[in-house]
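Visitor: what follows is a predicted protein model with its sequence.
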Amino acid sequence: MKKVLYLAAVLIFIISCGDGITEKTMTVSGNIKGLKKGTLYLQHIPDSTLVVVDSIQINGDGSFHFQTELESPEIFYLYLNKKDNNDINDRITFFAEPGNITVNTAWNTFDTNAEISGSKSHEKLKEYRKQMSNINKRNLEFLQQSVNVETPLDSIQFDSLQRLSDKNTKRGYLYAINFAINNKDSYIAPYIAVSEIANANIKYLDSINSSLSPEVADSKYGRKLKQHLENLKK
């Protein structure tokens, strides 16, 4: 019986190797409803430059399929050149990780109504962005009130709005810091630290870094956070 199980395990390993799939393989597939013609690009930023990982020409069928190896979970993009001379609604941002990720959307609302599933890191990113969106909208409201030319504000009113805006901005920083610390086992934690609040007080960034699980600390954004802290402490 043990021999049979051993042979079965070897066979599964050979088949998976033959397909080129490893524990670090990410497969991104889905459909772009209504798209008749265009080019879809899979992109990421390995260092500081946007790089095309793969691309596919779409002709009459909006289905797509990409497969690539990941160093560790990180932000990826799907960029659609619709050949309509319009750069609006052309890029989807998602948190890539090994496994099967599905992205379904439509050509005319490509980035606004995309449905993304299969990535736990992306679910955390959505959760974080939902709350931050509310905070950012509040700051935009304060800005609009401060530049209202129909009813100019006096200095007292302006200072009051400024204090409210500063308080709301601080609220955003605290939310980001707490979210990162409370999700220390997620790759979203160091990503928030280096991409959203890199200019936060060093003690908070240190707290995020110290809380990370070993696996997350050794990821792309975990190493970036460590390097960022070392630079700040010099």
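Guide: It's in. Numbering: from 1, shown residues only.
Visitor: please make it C-alpha for all contacts and neighbour counts, starting now.
Guide: OK.
Visitor: poorly predicted segments of this protein, please.
Guide: Scanning the chain with the threshold set as pLDDT under 70 gives 1-19, 83-89, 149.
Visitor: what ranges does the chain have for its strands?
Guide: Here the chain has its strands, by DSSP state E, at 25-33, 37-44, 51-59, 63-69, 74-81, 91-96, 99-106, 115-117.
Visitor: okay, the ones you listed in a markdown table with distance to H228 and mean neighbour count next?
Guide: As requested, these are exported to a markdown table (distance: least, CA to CA, whole Å; neighbours: other CA atoms under 10 Å):
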| stretch | distance to H228 | mean neighbour count |
| --- | --- | --- |
| strand 25-33 | 28 | 18 |
| strand 37-44 | 20 | 19 |
| strand 51-59 | 23 | 15 |
| strand 63-69 | 26 | 16 |
| strand 74-81 | 17 | 20 |
| strand 91-96 | 21 | 20 |
| strand 99-106 | 29 | 18 |
| strand 115-117 | 30 | 16 |
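Visitor: rebuild those as a markdown table, extending it with distance to K170.
Guide: Converted to a markdown table, those look like this (distance: least, CA to CA, whole Å):
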| stretch | distance to K170 |
| --- | --- |
| strand 25-33 | 37 |
| strand 37-44 | 30 |
| strand 51-59 | 34 |
| strand 63-69 | 38 |
| strand 74-81 | 26 |
| strand 91-96 | 26 |
| strand 99-106 | 34 |
| strand 115-117 | 30 |
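Visitor: out of these, nearest to S210?
Guide: Set against S210 and scored by CA to CA, the strands of the chain come closest in strand 74-81, at 20.1 Å.
Visitor: check the offset of that closest one from the chain's centre.
Guide: Mean-position distance between strand 74-81 and its chain equals 10 Å (CA atoms, centre = their mean, to the nearest Å).
Visitor: quickly run through the sheet partners of it, with directions.
Guide: strand 37-44 (antiparallel), strand 91-96 (antiparallel) (DSSP bridges).
Visitor: redo these as TSV? Include distance to N136.
Guide: Converted to TSV, those look like this (distance: least, CA to CA, whole Å):
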stretch	distance to N136
strand 37-44	25
strand 91-96	19
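Visitor: what's the closest of the ones you listed to P73?
Guide: strand 91-96 (5.4 Å).
Visitor: what sits up against stretch 205-212?
Guide: 177, 180-181, 184-185, 189-190, 193, 198, 217, 222, 225-226, 229 (CA atoms under 8 Å, 6 or more residues apart in numbering).
Visitor: which residues in the chain form helices?
Guide: Counting by DSSP state H, the chain has helices at residues 2-18, 120-146, 155-182, 188-195, 202-211, 214-217, 220-233.
Visitor: most tightly packed of those?
Guide: Of all the helices of the chain, helix 188-195 carries the top mean neighbour count, a mean of 23, counting by mean count of other CA atoms under 10 Å.
Visitor: quick check: angle from that helix to strand 91-96?
Guide: Going by axes from the mean of the first three to the mean of the last three CA atoms, to 10 degrees, helix 188-195 is angled at 130 degrees with respect to strand 91-96.
Visitor: what lies in contact with helix 188-195?
Guide: Taking CA under 8 Å, 6+ apart as the rule, helix 188-195 contacts 121, 124-125, 176-177, 179-181, 183, 205, 208-209, 212, 216-217, 221-222, 224-225, 228.
Visitor: circling back to that earlier point, tabulate the helices of the chain (JSON lines), appending distance to D54.
Guide: Converted to JSON lines, these look like this (distance: least, CA to CA, whole Å):
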{"stretch": "helix 2-18", "distance to D54": "20"}
{"stretch": "helix 120-146", "distance to D54": "21"}
{"stretch": "helix 155-182", "distance to D54": "31"}
{"stretch": "helix 188-195", "distance to D54": "24"}
{"stretch": "helix 202-211", "distance to D54": "33"}
{"stretch": "helix 214-217", "distance to D54": "26"}
{"stretch": "helix 220-233", "distance to D54": "20"}
